[in-house]
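Novice: pasting a predicted model and its sequence here:
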Amino acid sequence: MILDTEKLKIRRGVLPGKKTTPKQGAGTDRFYEKRADNKRVLDIAMKYWMDLADWRARNYRNFMYLRGRQWHELVAYTDRDGRTFQMTEEDYIKTQGKIPFKQNLIRPIVKKIVSQYRSNPSKSMAIARSKENSSKSEMLTTMLQAELDVNESSELDARNLENYLISGAAIGKVGYKYIATLNRESLFLDNISQDRIFFNSGIKDSRLKEINFIGDIIDATRDDIIAAFAMNKDDEEAIKQLFNTQNSAYPGTGQSLSKEDTSVTDFMIPRDMNLCRIYECWEYKAEWRLYVHDYYDGTRQVLKTTKAQIDEINRQRIVYYAQNGVPADEVPLMVATEKYEQFWYVKYLTPTGACLFEGETPYQHEEHPYAMSLAIVNGEVWGAIEDMIDQQRFINRLIIAQEFARSAAAKGVLLVPEEAIPDDMTIEDFAEEWTKYNGVIKIKLKQGAQAPTQIVARAIDPDSNASIQMQMDFMMRTSGVGDAIQGISAKAGVSGTLYAQEAQNSATNNIDVTESYNAYKKRRDKKSLSIIRQYYEDRIITIAGKAYSNEAQMYKASEAKAMKDIDINIVQGADSPVFRSMIDDQLFKWVDTNKIDIETALAHCSIPFADNLLADIQRKRKEAEEAMAQQQQSQMQAQPPQQSPVQQ
């Protein structure tokens, strides 16, 4: 770990810290001290962002099908003049005079998977390997749950799971900054859009051990950037010069509450010209450092210092100990050896190559602030929605084919031989009388003439409906969402046990999705716990539940920091109604067998009225004890005083 005595914190912006000494220079020159290196980092970020263009395009296609815009694919169209050009399938269908109907089956499937995830919630817990630290790990768990609740992580997780189904990637950011609504600095979580993230190519390991460059595109107002990076008024003026194109008269452009309003289509230019663009770039660098073993206190650290400085400290120690009569060979010295140390380094850059902030990671976890999980197979990532698109397209085509068949089929067409029309009637009169209620037409057929006939053709091939149902069944099997998990009523004769088993089997089909997504949550919460232990001071955990002990409801920073050498693991603990019901059943079984009393069971169960019932029992017990005490006191006062032997 790199020794850094300065406590870097995230302030109001998105940066992880700030140097205590501002860069020197007049105007904007202070931000261009390392222009060549800044340009190198910015070029790398642009290349990696462009390398993800195919992935982003597939994500956009998946999103369009999820959104219900399923006729957006381009097709070649040749007009009557022989000219060929491209148009969307929707426009092509409209040129045929038809409405582009679609039956969106992808969205309900995604909603069922997300709903299933919400109905079986889990929580992250810090687990210490040793039993003597169990109370401290419970304290950390309580603190972590409190901060996740403050960040509304359940909502973030649900929306990020939906993004994971679209793109095969769950991406979040873990930081520490000032929260105005809380009036304090706090852990801050955020979801990162796939349009804004960039990272190095050549990743094959699902654990993402090969990440060596990562960052994201940030669009913010000029005031936000000034609040985050300016350390004095000179910095404020310099930042205003860097972003002098901001036009506050136009608060926004584009289409609000739409993907077109938030997506990033250009690396350099923001869609909303009222915003300023910066790039947060994290690079895994390496250089020679001193690995120092100090025999005075036994610490081992990587120091950003020189060998000469270490020798000077050792010389001063020898002189000091010699003055106190300690021989030179018994003085605890610092032993320094060179080591090629790797570390994460961040730069906040502008499109022109100006660097607003740079420095090594301030976090004790010694990594970048991003948490990510990729559904990667052989170096390729794709979302679950991509597997359902072909069936969705086929269903839409069958539906539109039925519409074309209906419009082209004969619907009660009347075939009338000319010889069958009476001389005193026209064809219009004949048609009017034919369609009239109780109409009568006098016909005198000539030899060999046929009577009028009405043709009603079958508009839809019965096999078409069977094909649609077959594709719908294929889609359900592909997604793993069966009838039972959708809440569809069981057929007659199906037992409840079999129906429950079908629901369980459907849930099993999605275990891979949920477990991969839980890997993202585990990485995010590990970094969250590290930030809590690094920056948080003593405080009362105000939203801790009754399942925690009284000791765990007080966060003690000294105890949390003392556990830095103890292995802490983040696990997903079940928090579903079924799980809580099982706990309640077990508690009251222990009450029935007299292993625990009713008050202990009520203190730990999840029954809604448990707290009120426990309070009533304790109140009545206290009243009974007070009544008994008063009765005993009254009896003592009613008894005559005993006489002593002398009085007798």
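Specialist: Received it, and whenever you're ready, just let me know what you need.
Novice: where does Lys347 land in three-state SS?
Specialist: Three-state call for Lys347 (DSSP: H, G, I helix; E, B strand; the rest coil): strand.
Novice: can you classify the nearest residue to it once chain neighbours are set aside by secondary structure?
Specialist: Using Cβ to Cβ, 6 or more residues apart in numbering and skipping the chain neighbours, the partner closest in space to Lys347 is Glu358 (4.5 Å). Any C-beta I mention is one placed from the backbone N, CA and C, and that applies to glycine too. Using three-state DSSP, the structure places Glu358 in strand.
Novice: tell me the domain boundaries of the protein?
Specialist: According to automatic domain parsing, the chain comprises the domains 27-105+152-283+357-386, 289-341, 389-509, 579-634.
Novice: and those, which one averages the lowest pLDDT?
Specialist: Lowest mean pLDDT within these: domain 389-509, at a mean of 70.
Novice: and the helices in the stretch 251-400 of the chain?
Specialist: 259-262, 307-323, 389-408 (DSSP state H, counting those that start in this stretch).
Novice: and the second one, what does it pack onto?
Specialist: In other words, helix 307-323. strand 276-294, strand 334-349 (3 or more Cβ pairs under 8 Å, 6 or more residues apart in numbering; DSSP states H and E).
Novice: for the ones you listed, which one ends up most surrounded?
Specialist: Of those, the one with the most neighbours on average (mean count of other Cβ atoms under 10 Å) is strand 276-294, at a mean of 18.
Novice: for that one, what is the distance to the chain centroid?
Specialist: Centroid separation between strand 276-294 and its chain, computed with Cα atoms, centre = their mean, to the nearest Å, is 27 Å.
Novice: and if you look at stretch 92-104?
Specialist: Relative to its parent chain, stretch 92-104 has a centroid offset of 35 Å by Cα atoms, centre = their mean.
Novice: buried ones in that stretch?
Specialist: Buried residues in stretch 92-104, counted by 16 or more other Cβ atoms under 10 Å: Tyr92, Ile93, Pro100, Lys102, Asn104.
Novice: returning to what we had before: of the helices of the stretch 251-400 of the chain, which approaches Glu515 most closely?
Specialist: Proximity to Glu515, assessed across those by Cβ to Cβ, is greatest for helix 389-408 (23.9 Å).
Novice: can I get the CA coordinates of that closest one in CSV?
Specialist: Taking Å, rounded to 0.1, in the frame of the first residue of the first chain, the C-alpha atoms of helix 389-408 are listed here in CSV:
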residue,chain,number,x,y,z
ILE,A,389,-35.1,-11.1,-30.7
ASP,A,390,-35.4,-13.7,-33.5
GLN,A,391,-38.6,-15.2,-32.0
GLN,A,392,-40.0,-11.7,-31.4
ARG,A,393,-39.3,-10.7,-35.1
PHE,A,394,-40.9,-13.9,-36.4
ILE,A,395,-44.0,-13.3,-34.2
ASN,A,396,-44.3,-9.8,-35.5
ARG,A,397,-44.0,-11.0,-39.1
LEU,A,398,-46.7,-13.6,-38.6
ILE,A,399,-49.0,-11.0,-37.2
ILE,A,400,-48.4,-8.5,-40.1
ALA,A,401,-48.8,-11.4,-42.6
GLN,A,402,-52.2,-12.1,-41.1
GLU,A,403,-53.1,-8.4,-41.5
PHE,A,404,-52.0,-8.5,-45.2
ALA,A,405,-54.0,-11.7,-45.7
ARG,A,406,-57.1,-10.2,-44.1
SER,A,407,-56.9,-7.1,-46.3
ALA,A,408,-56.4,-9.2,-49.5
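Novice: which parts of the longest helix along the chain are buried?
Specialist: Counting residues, the longest helix found in the chain (DSSP state H) is helix 610-638. By neighbour count with 16+ other Cβ under 10 Å, helix 610-638 contains the buried residues Ala610, Leu614.
Novice: what distance do you get for Asp149 to Glu432?
Specialist: 75 Å (Cβ to Cβ, to the nearest Å).
Novice: returning to that earlier point: list the helices and strands the longest helix of the chain packs on?
Specialist: By 3+ Cβ pairs under 8 Å, 6+ apart, helix 610-638 packs against helix 598-604.
Novice: tell me which residues are up against the helix it packs on.
Specialist: Around helix 598-604, the neighbours that count as contacts under Cβ atoms under 8 Å, 6 or more residues apart in numbering are 546-547, 583, 587-588, 590-591, 610-611, 613-614, 617-618.
Novice: farthest-apart pair in the residues you listed, please.
Specialist: Ile583 and Gln618, at 21.8 Å, using Cβ to Cβ across the contacts of helix 598-604.
Novice: let me see the contact set for Gln241.
Specialist: Contacts of Gln241 by Cβ under 8 Å, 6+ apart are Gly27, Thr28.
Novice: same check, this time on Lys527
Specialist: Listed by Cβ under 8 Å, 6+ apart, the contact partners of Lys527 are Val174, Tyr363, His365, Glu367, Pro369, Ala371.
Novice: can we see that at 7 Å?
Specialist: By Cβ atoms under 7 Å, 6 or more residues apart in numbering, the residues touching Lys527 are Val174, His365, Ala371.
Novice: I'd guess Ala126 is in a strand, am I close?
Specialist: Yes: per three-state DSSP, Ala126 lies within a strand segment.
Novice: hmm, back to that, which ones among the buried residues of stretch 92-104 map onto strands?
Specialist: Among the buried residues of stretch 92-104, no member falls in strands (DSSP state E).
Novice: inside helices: which ones of the residues you listed?
Specialist: The members of the buried residues of stretch 92-104 that map onto helices under DSSP H are Tyr92, Ile93.
Novice: quick one: the buried residues of stretch 92-104 as CSV, columns for distance to His293 too.
Specialist: Below are the buried residues of stretch 92-104 laid out as CSV (distance: Cβ to Cβ, whole Å):
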residue, distance to His293
Tyr92, 74
Ile93, 75
Pro100, 72
Lys102, 68
Asn104, 64
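Novice: with the buried residues of stretch 92-104 in mind, which one is nearest to Gln86?
Specialist: For the buried residues of stretch 92-104, with Gln86 as the reference and Cβ to Cβ as the criterion, the closest is Tyr92, at 9.8 Å.
Novice: next helix or strand past the host helix or strand of Ile531?
Specialist: Ile531 is part of helix 511-535 when elements are defined by DSSP states H and E. Following helix 511-535 in sequence order, the next helix or strand is strand 539-540 (DSSP H and E).
Novice: pull up the pairing partners for that following strand, direction included.
Specialist: Partners of strand 539-540 in the sheet, by DSSP bridges, are strand 554-555 (antiparallel).
Novice: tell me which other helices or strands the following helix or strand past the partner strand touches.
Specialist: The helix or strand immediately downstream of strand 554-555 is helix 557-562, counting by DSSP H and E. For helix 557-562, the contact count by 3 or more Cβ pairs under 7 Å, 6 or more residues apart in numbering; DSSP states H and E identifies helix 134-150 as packing neighbours.
Novice: so what's Trp55 closest to, chain neighbours aside?
Specialist: Counting by Cβ to Cβ, 6+ apart, the residue nearest Trp55 is Val381, at 6.4 Å.
Novice: what does Phe101 give?
Specialist: Nearest to Phe101 is Ile399, by Cβ to Cβ, 6+ apart, at 5.4 Å.
Novice: thought that neighbour was touching Leu105?
Specialist: No: judged on Cβ atoms under 7 Å, Ile399 makes no contact with Leu105 at a distance of 11.2 Å.
Novice: more neighbours: which of the two?
Specialist: Leu105 (20 against 15; other Cβ atoms under 10 Å).
Novice: list the contacts of the more buried one.
Specialist: Gln392, Ile395, Met472, Met475.
Novice: next one: phi and psi at it?
Specialist: With angles defined as degrees, to the nearest 10, Leu105 sits at phi -100, psi -10.
Novice: how far away is it from Phe394?
Specialist: 11 Å.
Novice: and if you look at Glu360?
Specialist: Look at Glu360 and Phe394: by Cβ to Cβ, they are 54 Å apart.
Novice: then Gly359?
Specialist: Distance from Gly359 to Phe394, by Cβ to Cβ: 54 Å.
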